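Enquirer: below are the sequence and a predicted model; questions follow.
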Amino acid sequence: MAIKIGITGGIGSGKSVVSRLLEIMGIPVYISDVEAKRITLTNVIVRRELCTLVGQEIYQEGELNRSLLATYMFGHPERIKEVNEIIHPRVKEDFQQWSACFGADKIVGIESAILVEAGFRDVVDFLVMVYAPLETRIERAVKRDSTSKELIMKRIESQMSDHSKREQADFVILNDGEAPLVPQVLELISLLSKNNHYLCSAKK
Ligand SMILES: CC(C)(COP(=O)(O)OP(=O)(O)OC[C@H]1O[C@@H](n2cnc3c(N)ncnc32)[C@H](O)[C@@H]1O)[C@@H](O)C(=O)NCCC(=O)NCCS
Ligand SMILES: Nc1ncnc2c1ncn2[C@@H]1O[C@H](COP(=O)(O)OP(=O)(O)OP(=O)(O)O)[C@@H](O)[C@H]1O
């Protein structure tokens, strides 16, 4: 079985940028946001359960109405929990199937802002946190998504604090816009490669 690394960090921390660097360096990464979107579109059970929970209008012309789902759930902890309970078990199952296709000598990753909250800690061998200060994250996410600070704050409030994430992380990448990323990613790969043997035996 491949060694699995989790890449987490709050919205706008730079996980996608780090994942891209890992992919360029030969580590395939399962991008949970992308796969969750595919699953909400194609999995008939997920579609049925979301329709029952939110209403038929959650799908329009076959497509998930993402802004409607975001408005429905963010800012409402009970609703977030219900939506997550529909989607996350399927994403977890899908990731396990995906990662099972790689050999024991391979390192693969999974990227998710809510990796720990979603209960994926037990399916990864090593947890990497991408960290950026809160103001920087808000600024980046507002710019990237052309949205408001208020909407980004609602998502942040539904995510685990940086402090708790850091406590669970085995390795932290600082992405504050000052510290260069490439040397940190190279250090991570070097650490993983050195400990590959240890991680393999620890899993048995
Ligand atoms: C609500 C949805 C439709 C909004 O789509 P949208 O294109 O606006 O956002 P996108 O999926 O690209 O997510 C952007 C960021 O929002 C944050 N976010 C998304 N889902 C969640 C969630 N359930 N809890 C907390 N933060 C979340 C993450 O930081 C994520 O990187 C979408 O996020 C969704 O389906 N979420 C539920 C599934 C999920 O938890 N996906 C995340 C990983 S499994
Ligand atoms: N070091 C950096 N310098 C400048 N811009 C950056 C840096 N890191 C990330 N960004 C930009 O900030 C935005 C957010 O980064 P990214 O999409 O990687 O965050 P993320 O952690 O994946 O967020 P999400 O949780 O929403 O998936 C992107 O537009 C990205 O290009």
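Expert: Structure received. Values in this document were obtained by computation on a predicted structure and should not be read as measured data. Ligands and ions are numbered 1, 2, ... in the order given.
Enquirer: quick one, longest helix in the protein?
Expert: helix 77-99 (DSSP state H).
Enquirer: what sits up against that one?
Expert: Outside helix 77-99, the residues within contact range by CB atoms under 8 Å, 6 or more residues apart in numbering are 1-2, 4, 30, 32, 35-36, 39-40, 43, 45-46, 49-50, 53-54, 69, 72-74, 108, 110, 114, 118-120, 123, 158. C-beta here means a position set from N, CA and C on the backbone, and glycine is covered the same way.
Enquirer: try it again at 7 Å.
Expert: For helix 77-99, the surrounding residues in contact (CB atoms under 7 Å, 6 or more residues apart in numbering) are 2, 4, 30, 32, 35-36, 39-40, 43, 46, 49-50, 53, 72-74, 108, 110, 118-120, 123, 158.
Enquirer: could you do stretch 38-45 as well?
Expert: V46, L50, L64, I87, R90, V91, D94.
Enquirer: how about Y72, nearest residue that isn't a chain neighbour?
Expert: Take Y72 and drop its neighbours on the chain: the residue closest to it by CB to CB, 6 or more residues apart in numbering is V54, 5.4 Å away.
Enquirer: how many neighbours does the one you found have?
Expert: V54 sits with 19 neighbouring residues when counted by other CB atoms under 10 Å.
Enquirer: what's the answer for the one 3 residues further on, then?
Expert: E57 is surrounded by 9 other residues when neighbours are defined as other CB under 10 Å.
Enquirer: gap between it and S16?
Expert: Note on E57: its distance to S16, by CB to CB, to the nearest Å, is 30 Å.
Enquirer: and for A100?
Expert: Counting by CB to CB, the gap from A100 to S16 is 24 Å.
Enquirer: then S146?
Expert: Distance of S146 to S16, given as CB to CB: 17 Å.
Enquirer: check F102 too.
Expert: 21 Å.
Enquirer: who has more neighbours, the two?
Expert: S16 (18 against 15).
Enquirer: how far away is the more buried one from ligand 2?
Expert: 3 Å (CB to the nearest ligand atom, to the nearest Å).
Enquirer: what do you get for T52?
Expert: For T52 relative to ligand 2 (CB to the nearest ligand atom), the value is 27 Å.
Enquirer: contacts only, for that residue.
Expert: T52 neighbours (CB under 7 Å, 6+ apart): none.
Enquirer: now do the buried residues in the helix or strand containing it.
Expert: T52 belongs to helix 44-54 when assigned by DSSP states H and E. Neighbour-count burial for helix 44-54 flags V46, R47, E49, L50, L53, V54 (criterion: 16 or more other CB atoms under 10 Å).
Enquirer: and after that helix, which helix or strand comes next?
Expert: strand 59-60.
Enquirer: sheet-wise, list the partners of that next one with their directions.
Expert: strand 63-64 (antiparallel) (DSSP bridges).
Enquirer: looking at the strand it pairs with now, give me its mean pLDDT.
Expert: Taken as a whole, strand 63-64 has a mean pLDDT of 96.
Enquirer: how far out from the middle of the chain is that strand?
Expert: 21 Å (CA atoms, centre = their mean, to the nearest Å).
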